[in-house]
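A.B. asks: give the three-dimensional model of this entry:
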Amino acid sequence: MRLQRVGRKNDPSFRVVVTDSRSGPKSNKQVDTLGSYSAKTNLFKIDGERAKDWISKGVQVSPTVHNLMVTNKIIEGKKINALPKKSPIIDEAKVKAEAEAKAAAEEAAKAAAEAPAEEVVEEAPTEEATPTEETTEATTETQ
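C.D. replies: So this is what the prediction gives:
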């Protein structure tokens, strides 16, 4: 199951067709036409019952058609990455969750950094930790 381009130049529109893997979608040797997709208006029409029937018979769905069917809730599942490996699909919910987690981690790190700084300030004014002028002079004379 894949898309067959039928639109004019600069006006992309597609048919959703079931075709044999050995013949391309442009050969007009499709087994069945299930619906259409207009890329400009983002209008996706498909006969869901026939699509599910073909899938149950073992038809492999192209990643783009699969993603369109998941978006329009014809089938259930996760979207498939139809782009090359260098350009992954951007899942808005996942990006938002990662941003929130990163912000929470930064706030926690900031809070952790502020808390020990206050403790160090309290411990610093001890007499044993600070060297005196007499001990500094004594160490330079022995060397």
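A.B. asks: contacts only, for the residue nearest to Val65 when sequence neighbours are not counted.
C.D. replies: Spatial nearest neighbour of Val65, chain neighbours left out: Met1 (5.4 Å); criterion: CB to CB, 6 or more residues apart in numbering. The C-beta positions use only the backbone N, C-alpha and C, and glycine is treated the same way. Residues counted as contacts of Met1 (CB atoms under 8 Å, 6 or more residues apart in numbering) are Val16, Val17, Val18, Leu34, Ala51, Trp54, Ile55, Val59, Gln60, Val61, Ser62, Val65.
A.B. asks: filter these to the buried ones?
C.D. replies: Val16, Val17, Val18, Leu34, Ala51, Trp54, Ile55, Val59, Val61, Val65 (16 or more other CB atoms under 10 Å).
A.B. asks: so how far is Glu106 from the fourth one?
C.D. replies: Read that as Leu34. According to CB to CB, to the nearest Å, Leu34 and Glu106 sit 48 Å apart.
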